[in-house]
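Visitor: Sequence unavailable; structure follows:
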DNA sequence: CACTTGAAAATTTGATCATATTCTAGACGG
DNA sequence: CCGTCTAGAATATGATCAAATTTTCAAGTG
């Protein structure tokens, strides 16, 4: 059972078992009080240093509903929550020490992104995609990712390429070590970086949202298969990128996406 | 205190001028009380008959946050709100007689769908798409709509085709009469019906969401240009559909989408 | 007698609101 | 023109009520 309070960002890892918010110990875990909650990236990965490091500038209160949203988003994105798992408002409230309204707002947002599912009877849970959902996701990603990759290639700076390369290195290590969690995060980071480079906010938002729909399943599948034969077509893509060849970059990403998604589909059909 | 209850559905027509909720007459308009607010379509068009028609079955309370969401959604979708217009929580609260929490939830949902924009300083407004946004929307719609149309064609029943045809007739009449409001609604209805036929919930949700992003602009453009030279490539599409030719249906829809969006882009650039 | 079934009580959770607190933008005075 | 102040708008909480789920318990059935 959880014992410590790491600030909101770190603490939700403990869930993942059972109905969120019910069968866990009720720690006096608390969201940062108003003076502690400070600026953080809108995007994803939380910094490891929540200390009193908020130097001077850029100090901006980050609203609680935003914090809750981000955390919940990551839990789903990286499969910390399993498909079918119920997510209750009250659970989150007591788990996070936040009020109902912000929790509610976060849940609505995630629901409208397809990351959570409204069950009809006022309840919300993590969706369990079926075969046809996966098929739709393949179509959607296949349509969007190559376009984004091509745009990224056209805008790529040396700096961008270096960062991508670093991510890919960590990705390789994670695969070698069989570290599923890191694999998932770095793999996402790789694509997210490409999105960022594409400088196309709308397309990015859509493509990014798709991850939420298969994140939980991806985790389950990887957990069963291990990381060994996971796809990493990124090498060819990096070559194309360095060569400044947008078409080839797009094609490489398409292959990566299709292979990864097909693998997931097959793994899910097996059960 | 409120005197009549029309059900939330009918009442918001009053806005559309100025900052929502501020400079309007304060109708004593009120959200349905708990026992009055009853089941309605999750989708779009509200039935005209809110009377005590909730016969026996299917009587289900529709949550206020849901009602607020739907209304706000339609206001945006059909250009009742202009780009740049601020949308305030308090405004909606006093206009609708709803509490803050449900209004808040509705706004969060719409924000995460791109229908509203968070301005950084706790304010929310209807976004004003720039040229590059439009370009992205074209790419996205061009990728999704033909796919959906092809799927629709494969599933089409005689009944479906008849309904589509009726919608298209009303569309023609609206164009002839120069009735922009009806044009917008029927045009949307046409595509929405296709989505429904495609039976692909995820792709549909994405494609449907895009309408929210250009709805307000579309209204502005149509208002300036009149309805005369608006696109309606639906005839060719209907032929293809009746012939059961999915490819041709997809192509026709692609033309329709591209032409419509390009026209909007040009009209917007003119100013 | 074991087992299913059913209905009502008890408990958990969701929905909504009223209220307190924190921010922001714009007015006002220097 | 710039800093200060103030009205009002947003954020966040906890209370309250309604709905749904679970539990309880006993009657009915094979």
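Guide: Now that the structure is in, tell me what you want to look at. In this text, all values refer to a predicted model and were calculated from it rather than measured experimentally.
Visitor: who touches the residue of the stretch 151-271 of chain A found nearest DNA strand D in this structure?
Guide: Closest contact between the stretch 151-271 of chain A and DNA strand D, by CB to the nearest atom of the strand, is at residue A:205 (19.4 Å). (C-beta placed from N, C-alpha, C; glycine too.) By CB atoms under 8 Å, 6 or more residues apart in numbering or on different chains, residue A:205 lies in contact with residue B:114.
Visitor: And it, which helix or strand is it part of?
Guide: helix A:201-225 (DSSP states H and E).
Visitor: What angle do helix B:201-225 and that helix make with each other?
Guide: Here helix A:201-225 points in a direction 180 degrees away from that of helix B:201-225 (axes from the mean of the first three to the mean of the last three CA atoms, to 10 degrees).
Visitor: Name the residues of the next helix or strand after helix A:201-225 that are buried.
Guide: Tracing the chain past helix A:201-225, the next element assigned as helix or strand by DSSP H and E is helix A:234-242. Of the residues in helix A:234-242, A:234, A:236, A:237, A:238, A:240, A:241 count as buried by neighbour count, 16 or more other CB atoms under 10 Å in any protein chain shown.
Visitor: any idea of the mean pLDDT for stretch A:197-208?
Guide: The pLDDT scores in stretch A:197-208 average 98.
Visitor: Now the stretch 151-271 of chain A against DNA strand C: closest residue?
Guide: For the stretch 151-271 of chain A and DNA strand C, the shortest gap (CB to the nearest atom of the strand) falls at residue A:216, measuring 18.0 Å.
Visitor: Report how many residues lie close to that residue.
Guide: Applying other CB atoms under 10 Å in any protein chain shown, we find 25 other residues in the vicinity of residue A:216.
Visitor: Repeat that for residue A:81.
Guide: Based on other CB under 10 Å, the number of other residues close to residue A:81 is 24.
Visitor: Check residue A:187 too.
Guide: Summarising burial for residue A:187: neighbours were counted as other CB under 10 Å, giving 26.
Visitor: Okay, it and chain B: tell me how far apart.
Guide: Computed as CB to the nearest CB, to the nearest Å, the residue A:187 to chain B distance reads 21 Å.
Visitor: Isn't that residue up against residue A:171?
Guide: Yes: contact between residue A:187 and residue A:171 holds when scored by CB atoms under 8 Å: they sit 6.1 Å apart.
Visitor: Grab the nearest non-local neighbour of residue A:209.
Guide: Closest residue to residue A:209 in three dimensions, ignoring its sequence neighbours and counting by CB to CB, 6 or more residues apart in numbering or on different chains: residue A:113, at 5.0 Å.
Visitor: Need phi/psi at that neighbour.
Guide: Per-residue torsions, residue A:113: phi -90, psi 0 (degrees, to the nearest 10).
Visitor: Run a quick neighbour tally on it.
Guide: For residue A:113, the count of nearby residues is 23 (other CB under 10 Å).
Visitor: got a list of what it touches?
Guide: Under the criterion of CB under 8 Å, 6+ apart, the contact list for residue A:113 reads A:209, A:212, B:112.
Visitor: Could you dump the residues you listed into a markdown table and include neighbour count and distance to residue A:261?
Guide: Written out in a markdown table, the entries for those read as follows (neighbours: other CB atoms under 10 Å in any protein chain shown; distance: CB to CB, whole Å):
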| residue | neighbour count | distance to residue A:261 |
| --- | --- | --- |
| A:209 | 19 | 15 |
| A:212 | 18 | 15 |
| B:112 | 22 | 24 |
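Visitor: does any part of stretch A:134-141 sit near chain B?
Guide: Yes: contact check for stretch A:134-141 against chain B, using CB under 8 Å from any CB of the partner chain: residues in range are A:136, A:137, A:139, A:140.
Visitor: Show me chain A divided up by domain.
Guide: Following automatic domain parsing, one finds the domains of chain A at A:8-125, A:131-270.
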